[in-house]
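>>> with the input below, show me the fold.
(4 chains)
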Number of protein chains: 2
Amino acid sequence: MGLAAKHKTERSSLMNVGRRVDYAVRALSYLAGQPAGKIVSRVDIEEKQGIPSYYLSKIMKDLVAGGLVRSHIGSKGGFSLARAAHSITLKEVYETVERPLVLMECLDKGDRYCSYCGVCSQKSVWENVQNLVADYLGKVSIRDIADPQGLKNRLISLSA
Amino acid sequence: MGLAAKHKTERSSLMNVGRRVDYAVRALSYLAGQPAGKIVSRVDIEEKQGIPSYYLSKIMKDLVAGGLVRSHIGSKGGFSLARAAHSITLKEVYETVERPLVLMECLDKGDRYCSYCGVCSQKSVWENVQNLVADYLGKVSIRDIADPQGLKNRLISLSA
DNA sequence: ACAAAATAGACCTTGGGAGTCTATATTACA
DNA sequence: TGTAATATAGACTCCCAAGGTCTATTTTGT
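I've put the predicted structure just below:
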């Protein structure tokens, strides 16, 4: 057990957006708020955005692999957006960091998943919900929620 | 280990609607398809709707407690809708059988859950998504997806 | 050379989702 | 009156994904 501040883990449940997405969005909003080309380290993001230390390493890896973020190894290294902030949608972030946005397995796998798929009366309902969500998230970009200062600083400014 | 057919359990994940809801909807659609006042046993529903045996006991308990379903104990007992099918919405079903429809804890608990709530730039996004979903599910009723025959029979008729 | 980074991946913990089964109370009906 | 068929209540298991922590290695700027 090291020195890092332990984070109380609150479990998420069905039909919930998980922490990975939350943290990914926080990281990206922070990057989106920086001057173009500015490189920010993982530790910096974690501190400014109140993310448990180390946790971002896994998330940033996904974001890099997904082409949303560029990484810079070595001293003075860190991360920067790989694309214009307005072109990165929350749907993309979600799917990069979590998985395809699917509300029920059957919507994805059809009757390979559930044999009643063809006669299911509720399938279209969840399909519609899924489309609503996907469409909306596809229209919100990281630029829309850019956060130059980071949550911590903004909280401080607020109480001043 | 008894004689009951074991069900392969597929795990559900974040932003997924769980089995409880699926099964609850199946049960209710079946009840909604019956002649008014008809009483149907748990076992019958499970069989007709392809639900793992016994599993409905827990779900029906919730539906009864929530006032969506009336139960009838004893021989020839079973379940029937407690209200008109058109008045039972999927939102209600979801919340009766699972929990309040909340996409992120902070939307419910505010800064008791996350201290950055007041300065969070993404909060409103999830709030909007949540409202979209809730509004839509609040407009779909069990009558809309009533299933008099049950999935199993409909599958059979189809292949005939 | 040295320090500061990302990268990769191991590792732990926990609780909830899913499923199964049993003991008890209740009721219809022969 | 007795018996079978029910719901009710709740115990119990299994398992894994979500969340979190840490370390060894590689890369690079100064």
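>>> tell me the mean pLDDT for stretch A:22-33?
Averaged over stretch A:22-33, pLDDT sits at 98.
>>> hmm, it touching DNA strand C?
No. Stretch A:22-33 is not in contact with DNA strand C by Cβ under 7 Å from any atom of the strand; minimum separation 10.3 Å. The way it works is simple: take the backbone N, C-alpha and C, and place the C-beta from them, glycine included.
>>> what are the contacting residues of that stretch?
Contact with stretch A:22-33 is made by A:40, A:45, A:48-51, A:55-56, A:59-60, A:62-63, A:68-69, A:79-81, A:85, A:88, A:90, A:93, A:96-97, A:142-143, A:145-151, B:104, B:121-122, as judged by Cβ atoms under 8 Å, 6 or more residues apart in numbering or on different chains.
>>> for chain A, what lies in contact range of DNA strand C?
So chain A meets DNA strand C at A:9, A:11, A:13-14, A:41-43, A:54, A:57-58, A:60-61, A:64, A:71-79 (Cβ under 7 Å from any atom of the strand).
>>> quick revisit: just the ones of the contacts of stretch A:22-33 in helices?
A:45, A:48-49, A:55-56, A:59-60, A:62-63, A:90, A:93, A:96-97, A:151 (DSSP state H).
>>> from residue A:63, how far out is the residue of chain A positioned farthest from its centre?
Farthest-out residue of chain A from its mean C-alpha position, per Cα atoms, centre = their mean: residue A:119, at 35.4 Å. According to Cβ to Cβ, to the nearest Å, residue A:119 stands 41 Å off from residue A:63.
>>> please apply the same query to residue A:77.
Residue A:77 sits 15 Å away from residue A:63, going by Cβ to Cβ.
>>> of these two, who's got more company?
Using other Cβ atoms under 10 Å in any protein chain shown, the more surrounded residue of residue A:77 and residue A:63 is residue A:63, with 24 against 12.
>>> now do the closest residue to DNA strand D within chain A, the pLDDT please.
DNA strand D sits closest to residue A:74 of chain A, with a gap of 2.2 Å, by Cβ to the nearest atom of the strand. The confidence metric pLDDT takes the value 97 at residue A:74.
>>> what does the one 3 residues further on give?
The predicted local confidence for residue A:77 comes out at a pLDDT of 98.
>>> check residue A:90 too.
98.
>>> isn't it up against residue A:134?
No. The criterion here is Cβ atoms under 8 Å, and residue A:90 misses it with residue A:134 at 10.1 Å.
>>> quick one, which of the two is more surrounded?
residue A:90 (25 against 19).
>>> residues in contact with the more buried one?
By Cβ under 8 Å, 6+ apart, residue A:90 lies in contact with A:25, A:137-138, A:140-142, B:122, B:125.
>>> next: residue A:47.
With Cβ under 8 Å, 6+ apart, residue A:47 has these contacts: A:150, A:152.
>>> what's the local residue count around residue A:146?
Neighbour tally, residue A:146, other Cβ under 10 Å: 17.
>>> before we move on, what about the one 4 residues further on?
Counted with other Cβ under 10 Å, the burial measure for residue A:150 works out to 22 neighbours.
>>> give me the pLDDT for it.
For residue A:150, the model assigns a pLDDT of 97.
>>> surely it meets residue A:48?
Yes. Look at residue A:150 against residue A:48 with Cβ under 8 Å: they come within range, at 3.0 Å.
>>> which outside residues touch stretch A:138-145?
Under Cβ under 8 Å, 6+ apart, the answer for stretch A:138-145 is A:25, A:28-29, A:32, A:81, A:84-93, B:121-122, B:125.
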